[in-house]
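> dropping a prediction and its sequence here:
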Amino acid sequence: MSRRRQRFSKPIKRWVILGVIGFAIALYLIFAQLPTFVDKRLNPVLTLPPYSVPAEAAEVHDRLWVADLHADSLLWGRDLSQRHQQGHIDLPRLQTANVALQIFTVVTQVPSNLKLEGNTPDSDDIIKLAVVQGWPLATWHSLLARALHQGQQLHTLAQSQAQFRLIETQSDLQRFIRDRKQQPQLTAGILGLEGAHALEGRLENVERLYQAGFRMLGLAHFFDTEVGGSAHGSQQGGLTPLGRQVVLQAQEKHMLLDLAHSSSQVINEVVALSRQPVVVSHTGVKGTCDNVRNLSDRQIKAIANTGGVIGIGFWPRAVCGDDAQAIAQAIRYVADLVGVDHVSLGSDFDGAVHAPFDVTGLPLLTAALQAEGFSTEEIGKIMGGNTLRVLQAVLPA
Ligand SMILES: [Zn+2]
């Protein structure tokens with residue numbers, strides 16, 4: 001009996017050890033490699049850097065104050081202090097691209113099998129990212145916790161990197177503008193929310209997000225919420241009573257309101273309610289690319305009437321093209337319709353989109369704007385001046 005057990009125990013032991021090693025390797029692959037793999041697959045670029053830019057455009061670009069209204073870079077677990085091969089943005093690449101200010105938006109729930117219209121909040125793909133990246137347990141069930149966790153990543157970046165600042169007030173912004181004249185490598189970020197479902201139906205969570213440094217509040221993402229309709233939702237209705245309170249409270253707190261992804265009715269109602277400039281942080285326009293996601297001429301005029309800006313997105317469904325020229329044409333359309341003061345950049349970099357280039361390709365857009373006939377002064381407004389004007393009008397003292 002004992003001899004027989006000995007005969008079997010050696011191979012069994014070997015299998016157990018191999019099993020444990022295999023399990024450890026699988027765990028390592030899931031937790032260390034999967035986020036990078038997913039990031040690479042979902043945030044590709046059509047053309048990899050480096051990009052060749054005409055000298056004249058490069059020279060103009062280097063003198064611009066560049067600002068972008070929308071990037072979802074906090075979602076992927078990428079260490080933004082390091083230069084990466086995958087994704088669209090990190091601090092070294094923002095510096096290479098001469099970007100002064102980037103608004104970092106946080107995504108908290110995305111339905112599976114996403115459609116352009118008719119989505120419901122019954123499913124949730126973000127939980128997978130939360131688990132493989134090892135986010136705090138609360139983020140598994142709380143959308144607010146997901147927003148706060150991503151926001152914390154940007155605070156940590158600002159605390160650890162002398163060349164990166166998080167802007168929350170007018171005086172932060174003024175100091176940053178002044179210091180950047182001496183230190184052109186300085187880059188700043190602002191926190192924004194993509195979709196009011198992260199408020200979890202509670203008005204007091206506006207204050208909670210404000211305290212966590214959020215300064216832009218996007219009312220909708222892919223489905224209708226307790227606050228109001230999404231352009232991709234099943235009902236696509238207007239503001240709810242809670243939604244009206246959220247809009248008023250956000251304005252009282254000097255948070256910028258973002259109408260990207262909002263239903264047509266929500267856009268109309270917020271524009272009518274608003275006493276400050278509002279933005280659409282990333283969008284296309286029906287005038288150059290006609291689909292349900294993009295703004296009509298009437299909506300563009302309504303946003304411009306608040307003194308706000310429309311951030312033109314870079315991905316194919318926004319501009320019906322996959323190059324800087326298609327982006328510049330959408331910008332030209334808005335400028336011709338409502339004036340050059342109301343159009344800006346809303347890349348949606350790292351927003352699970354196919355981008356024509358990563359952020360270091362922005363000088364290609366400067367070149368395309370020159371080709372569209374914009375003057376250097378106009379290019380300055382489009383590439384960042386307009387966004388800066390709105391922030392100076394809205395951010396709290
Ligand atoms: Zn979006």
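Noted; the coordinates are in hand. What you see is a predicted model, and the numbers here were worked out from it, not measured in a lab.
> and the strands in the stretch 251-397 of the chain?
256-258, 279-283, 309-312, 343-345 (DSSP state E, counting those that start in this stretch).
> mind listing what's buried in the last one?
It stands for strand 343-345. Neighbour counts using 16 or more other CB atoms under 10 Å place Val343, Ser344, Leu345 of strand 343-345 among the buried residues. (C-beta placed from N, C-alpha, C; glycine too.)
> export those residues to JSON lines and tack on distance to Asn386 and pLDDT?
Converted to JSON lines, the buried residues of strand 343-345 look like this (distance: CB to CB, whole Å; pLDDT from 0 to 100):
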{"residue": "Val343", "distance to Asn386": "7", "pLDDT": "98"}
{"residue": "Ser344", "distance to Asn386": "5", "pLDDT": "98"}
{"residue": "Leu345", "distance to Asn386": "9", "pLDDT": "98"}
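> with distance to Gly213 added, can I get those in CSV?
Listed next are the buried residues of strand 343-345 as CSV, based on distance: CB to CB, whole Å:
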residue, distance to Gly213
Val343, 27
Ser344, 22
Leu345, 22
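> which one of those is nearest Leu137?
Nearest to Leu137, judged by CB to CB, of those is Leu345 at 36.5 Å.
> now do the phi/psi pair for the residue nearest to that closest one when sequence neighbours are not counted.
Once flanking residues are discounted, Leu345 sits nearest to Asp68: 4.5 Å by CB to CB, 6 or more residues apart in numbering. Here is the backbone geometry of Asp68 (degrees, to the nearest 10): phi -130, psi 140.
> show me the contacts for Asp68.
Applying CB atoms under 8 Å, 6 or more residues apart in numbering to Asp68 gives the contacts Val99, Leu101, Gln102, Ile103, Gly311, Ser344, Leu345, Gly346, Ser347, Phe349, Thr387.
> who does it form a beta bridge with?
Under DSSP bridges, the beta-bridge partners of Asp68 are Gln102, Leu345.
> any idea how far Leu388 is from it?
To Leu388, Asp68 is 12 Å away according to CB to CB, to the nearest Å.
> same thing with Cys320?
Distance, Cys320 to Leu388, by CB to CB: 28 Å.
> so between the two, which is more surrounded?
More crowded of Cys320 and Leu388, by other CB atoms under 10 Å: Leu388, with 20 against 15.
> separation between the more buried one and Pro356?
Relative to Pro356, and taking CB to CB, Leu388 is found at 24 Å.
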